[in-house]
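> any chance you can model this:
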Amino acid sequence: MKNKCYLLCFGFLMLLVFSAIGQNRKKNQKVVFIIADGIPADLLEKVSKPNIDKIIAQGFYKRAFVGGIKGSYNQTPTVSAPGYNNLLTGTWANKHQVVNNDIKNPNYHYWSIFRFLKNQYPAKKTAVFSTWLDNRTKLVGDGLEATGGFKVDLAFDGYELDTLQFPHDKGSLYTHLIDDYVVAKADSCIRATAPDLSWIYVEHTDDMGHRYGDSPQMEKAIGYLDLEIGKIWDATQYREKNFKEDWFIIITTDHGRDATTGKNHGGQSERERTTWMVSNLKNTNAYFQQNNPAIVDILPSIARFQNIEIPRLSQYELDGVPIIGPVSLSNARVEKQGDSLILHWKAYEKKGKVKIFLSPNNNFKKGNSDTYQTIALVPLNTERFAIKIDAEMRFVKFILEANKNTVNTHWINPAIPK
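All right, here's what the predicted structure looks like:
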């Protein structure tokens, strides 16, 4: 009888153990990123947006920036397609080569976040819901030889070409109708099949900005957007409640607008460069808290959330820093003083080392490997390193590799023509 009692107790104990293991098993991590076109930060902060505010209440709102580092080698036009590709590739336009909306010569050697996901997890599903077909066919490079034949699993786009279902009216109401249609597709798809990585792009706000600038019409368009965001938020909450899933939703814009009228963008004024991020994530890191994040920070953040391991040489090229999880350093830059180059960075750890690599070539841009030499291993908290250079050297790529992350910066000798 005693043995039977022991067996029953042991069996009950093991049941509790296995139950706890099952409850603690890691949830499926899903991501949806949304680009709402052409909304300056001050305007988003001004208008009523109850659904977006729900997400902010759970996570954060913060101003961000686009346009690369102003006046530097990676300064990027504050135009739509370059902005989208900044997010997709985690790099500025000097690398991805998209400088306008013509998208004539993208450099697909800088992979999109979709390719990184599929490279590591072939069974995971990707989706694009977009009011502009070129986002998938040109920027993501769906099905192209240059992207290794990468294919988006689910695509809902191209509706701007369907002038029967969405006749093009003079007031551009049709882009709002397409946005609504695209969001309805995303809503139903997320609820039914929950792709692992989804991109939703909506356009109407930018159309109203170009037509009316800072205006009641633009504010009304943001109201439409808020309703659309509410549908996506509700869909992700439904999935979290009913399935073993953990959702990361991040919303941003591709550029601001000019300060005079609000109708234009493309330059490097503060309002054109100033954007914003909204997300449901709470646990942001010291880098995010102490800096204005950039649109290029979204790719490494998604990769970290979904445990995507970026290949080392691709990691060296990323211009963004994760906004979640621990980071060692950020804000790498280089300046010339006499016959030396001075490297600077911002450290977030008091201990540890940073390994500094140098490459005099940029073969990665052509799909080849760069040749790196290790030039120093220095304490991370020094935040500075000087190196003498050959006066005949035209280009130098620096990689700063620390324990938690890697950053890069370039120096281009202005005295030597290309």
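> give the contact list for the residue sitting nearest the centre point of the chain.
Geometric centre of the chain, nearest residue: Ile298, 2.7 Å, by CA atoms, centre = their mean. The contact partners of Ile298, taken as CB atoms under 8 Å, 6 or more residues apart in numbering, are Phe33, Leu87, Gly90, Ile250, Thr252, Met277, Gly320, Ile323. (Each C-beta comes from the backbone N, C-alpha and C, glycine too.)
> for Ala347, grab phi and psi.
Dihedral pair for Ala347: phi -100, psi 140, per degrees, to the nearest 10.
> right, I mislabeled it, should have said Pro167
Dihedral angles for Pro167 - degrees, to the nearest 10 - are phi -60, psi 140.
> repeat that for the one 4 residues further on.
Its backbone dihedrals place Gly171 at phi -90, psi 0, with angles given as degrees, to the nearest 10.
> count the neighbours of the nearest residue to it once chain neighbours are set aside for me.
Among residues not flanking Gly171 along the chain, Arg211 sits closest, at 7.7 Å (CB to CB, 6 or more residues apart in numbering). Residues near Arg211, counting by other CB atoms under 10 Å, number 15.
> where's Gln306 relative to Leu43, distance?
Applying CB to CB, to the nearest Å, the value for Gln306 to Leu43 is 32 Å.
> cool, Arg333 as well?
31 Å.
> ok, the two, which is more surrounded?
Leu43 (22 against 16).
> hmm, who's touching the helix or strand hosting the more buried one?
Secondary structure assignment for Leu43, by DSSP states H and E: helix 41-46. Residues from elsewhere that reach helix 41-46 (CB under 8 Å, 6+ apart): 52, 63-64, 214, 218-219, 222, 253, 256-257, 262, 271, 274-276.
> same question for stretch 93-104.
Contacts for stretch 93-104 (CB under 8 Å, 6+ apart): 68, 73-74, 76-77, 79-82, 85-86, 88-89, 105-107, 110, 134, 138-139, 317, 319, 365.
> apply 6 Å and report the result again.
If you take CB atoms under 6 Å, 6 or more residues apart in numbering as the criterion, stretch 93-104 is touched by 73-74, 76-77, 79-82, 85, 89, 105-107, 110, 134, 138.
> so, low pLDDT: which residues of the stretch 1-150 of the chain?
Residues of the stretch 1-150 of the chain meeting the criterion pLDDT under 70: 1-25.
> where along the stretch 1-150 of the chain do the strands fall?
All strands of the stretch 1-150 of the chain, identified by DSSP state E, counting those that start in this stretch, fall at 28-36, 60-65, 126-130.
> of all those, which lies closest to Asn381?
strand 60-65 (26.0 Å; CB to CB).
> related to what we said a few turns ago, helix/strand/coil for the residue nearest to Gly171?
Following DSSP: H, G, I helix; E, B strand; the rest coil, we place Arg211 in the helix state.
> roughly how far apart are it and Thr205?
Applying CB to CB to Arg211 and Thr205 gives a distance of 11 Å.
> what do you get for Lys346?
From Lys346 over to Thr205 (counting by CB to CB), the distance is 33 Å.
> out of those two, which sits in the busier spot?
When Lys346 and Thr205 are compared for neighbours, Thr205 comes out ahead with 25 against 18, by other CB under 10 Å.
> from Gly83, how far off is the more buried one?
Note on Thr205: its distance to Gly83, by CB to CB, is 13 Å.
> right, and Glu228 touches Tyr181 too?
No. Counting by CB atoms under 6 Å, Glu228 does not reach Tyr181; the two are 10.4 Å apart.
> so who does the spatially closest residue to Ala259 that is not a sequence neighbour touch?
Leaving aside its sequence neighbours, Ala259 sits nearest to Arg271 (CB to CB, 6+ apart; 4.4 Å). For Arg271, the contacting residues are Pro40, Gly256, Ala259, by CB under 6 Å, 6+ apart.
> neighbour-wise, which one of the residues you listed leads?
Gly256 (28 neighbours).
> how about the strands of the stretch 1-150 of the chain in a markdown table, adding mean neighbour count and distance to Val152?
Output for these, formatted as a markdown table (neighbours: other CB atoms under 10 Å; distance: least, CB to CB, whole Å):
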| stretch | mean neighbour count | distance to Val152 |
| --- | --- | --- |
| strand 28-36 | 22 | 14 |
| strand 60-65 | 19 | 26 |
| strand 126-130 | 26 | 5 |
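> show me the one of the ones you listed that comes nearest Ala376.
Per CB to CB, nearest to Ala376 of the strands of the stretch 1-150 of the chain: strand 60-65, 30.0 Å.
> from the contact counts, what lies against that closest one?
Here strand 60-65 touches strand 274-279, going by 3 or more CB pairs under 6 Å, 6 or more residues apart in numbering; DSSP states H and E.
> listing partners with orientation, what would you give for the strand it packs on?
According to DSSP bridges, strand 274-279 forms sheet pairs with strand 60-65 (antiparallel), strand 245-252 (antiparallel).
> can you tell me the closest non-neighbouring residue to Phe129?
Ala186 (4.2 Å).
> cool, and Ala221?
Ala221 sits nearest to Met208 (CB to CB, 6+ apart), 4.1 Å away.
> now the angle from the host helix or strand of the one you found to strand 28-36?
Per DSSP H and E, Met208 falls inside helix 204-212. Per axes from the mean of the first three to the mean of the last three CA atoms, to 10 degrees, the angle that helix 204-212 makes with strand 28-36 is 10 degrees.
> who's in contact with Ala127?
Leu154, Pro195, Ser198.
> and the angle for the helix ranked longest in the chain with strand 126-130?
Longest helix in the chain, counting residues (DSSP state H): helix 216-242. Helix 216-242 and strand 126-130 are oriented at 160 degrees to each other (the same axes, to 10 degrees).
> give me the buried positions along helix 216-242.
218-222, 224-226, 228-233, 235-236, 238-239 (16 or more other CB atoms under 10 Å).
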